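K.L.:
Pasting a predicted model and its sequence here:
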2 protein chains.
Amino acid sequence: MTGFALHPRLAADTVFVADWALSRVLLMNDTRYPWLVLVPQRPHLVELHDLNAADRATLIEEISLASRTLKTITGAAKINVGALGNLVAQLHVHVVARKPGDHAWPKPVWGRGSPNPYAPAAREAFLNELARSLP
Amino acid sequence: MTGFALHPRLAADTVFVADWALSRVLLMNDTRYPWLVLVPQRPHLVELHDLNAADRATLIEEISLASRTLKTITGAAKINVGALGNLVAQLHVHVVARKPGDHAWPKPVWGRGSPNPYAPAAREAFLNELARSLP
């Protein structure tokens, strides 16, 4: 969409999953947690309140779909949703599947050491599972 | 609303601000960060996707209003929005005003030591400022 460009840090940390009506959907390249990132494809967004109301309504539906799907396919105990942006200002929403015993449980996943990247075969397998479950 | 009851941990950690169309709005009793918590007043909610679509649309508008207002009155650099629930399962959304140099910056606020409660006069002053700026 006109003027949208993915922040290079988000591009470097993730793998492309899909483009939805509003959001680019990315998989965080970190096997410690099943972790999607939704990036609304509009220019110059920082805060949720920078979106217009119609886009906000779309975004919450996209977050909900990502949340429900991730919970179903991973059997997670809890989904963590967060829009922080202290380090990367471009508006992006984390949707993370959490389980007791995971690397950070029960603390948040952000700022907890280095990611553990997927091996190519495991990444492909998870992307295929997502593709079967998501639009 | 029928069947809604605020989790005792959320009640203990916060001060009442207002009841909006969907959410009970609370102020976290922690001077380290200007920090609102929105709790949708529906029974048995855990995940965002447990809300129906109409309530989700209301919730994102209430989050956006809290975010915009908190940014304006505090001059925050960034608003952090999060729905985690690893410790308190009842669905609740944090809206936190962040600035470089605050207690946790640039890390998330959750799980970062003990809160620093407001003195009564400072709490009243901030509640009054919120009351002037929020519906």
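P.N.:
Received, thanks.

K.L.:
Those residues of chain A touching chain B, which are they?
P.N.:
Residues of chain A lying close to chain B (CB under 8 Å from any CB of the partner chain) are A:46-49, A:51, A:53, A:56-57, A:59-61, A:63-65, A:67-68, A:71, A:78-87, A:89, A:98, A:105-108, A:110-111. Heads up, the C-betas are built off the backbone N, CA and C, glycines and all.

K.L.:
just checking, which of those belong to strands?
P.N.:
Counting by DSSP state E, the residues of chain A next to chain B place A:78-83, A:98 in strands.

K.L.:
Longest helix in chain A, by number of residues?
P.N.:
Using DSSP state H to define each element, chain A has its longest helix at helix A:53-74.

K.L.:
Stretch A:4-24: which residues count as buried?
P.N.:
A:6, A:10, A:13-14, A:17, A:20, A:22-24 (16 or more other CB atoms under 10 Å in any protein chain shown).

K.L.:
so how far is the first residue of that stretch from its last?
P.N.:
Distance across stretch A:4-24, first residue to last, is 10 Å (CA to CA, to the nearest Å).

K.L.:
what pLDDT, on average, does that stretch get?
P.N.:
Averaging pLDDT along stretch A:4-24 yields 97.

K.L.:
Figure out how far that stretch is from the centre of its chain.
P.N.:
Centroid separation for stretch A:4-24 versus its chain: 9 Å, with CA atoms, centre = their mean, to the nearest Å.

K.L.:
got it, and stretch A:71-80?
P.N.:
With CA atoms, centre = their mean, you get 13 Å for stretch A:71-80.

K.L.:
now stretch A:75-95
P.N.:
6 Å.

K.L.:
quick one: terminal-to-terminal distance for it?
P.N.:
Distance across stretch A:75-95, first residue to last, is 14 Å (CA to CA).

K.L.:
for stretch A:109-116, same thing?
P.N.:
End-to-end distance of stretch A:109-116 (CA to CA): 13 Å.

K.L.:
who touches that stretch?
P.N.:
Residues from elsewhere that reach stretch A:109-116, judged by CB atoms under 8 Å, 6 or more residues apart in numbering or on different chains: A:13, A:28-33, A:35, A:80, A:82, A:84, A:94, A:96, A:98, A:103-104, B:106-108.

K.L.:
please redo it, this time with the cut-off set to 6 Å
P.N.:
Stretch A:109-116 has contacts (CB atoms under 6 Å, 6 or more residues apart in numbering or on different chains) with A:30-33, A:96, A:104, B:107-108.

K.L.:
Go through those and give me the one with the most neighbours.
P.N.:
A:V96 (26 neighbours; other CB atoms under 10 Å in any protein chain shown).

K.L.:
That one: what's it in contact with?
P.N.:
A:33, A:35, A:80, A:109.

K.L.:
Isn't A:L70 up against A:H94?
P.N.:
No: counting by CB atoms under 6 Å, A:H94 is not a contact partner of A:L70; they are 11.0 Å apart.

K.L.:
how close does A:L22 get to B:P100?
P.N.:
For A:L22, the distance to B:P100 equals 30 Å [CB to CB, to the nearest Å].

K.L.:
again with A:G85
P.N.:
Using CB to CB, we find A:G85 at a distance of 13 Å from B:P100.

K.L.:
With A:L127 instead?
P.N.:
From A:L127 across to B:P100, the span is 36 Å (CB to CB).

K.L.:
Who has more neighbours out of the two?
P.N.:
Neighbour comparison, A:L127 and B:P100: the larger count goes to A:L127, with 16 against 9 (by other CB under 10 Å).

K.L.:
What does the pLDDT read for that one?
P.N.:
pLDDT, read off for A:L127, is 97.
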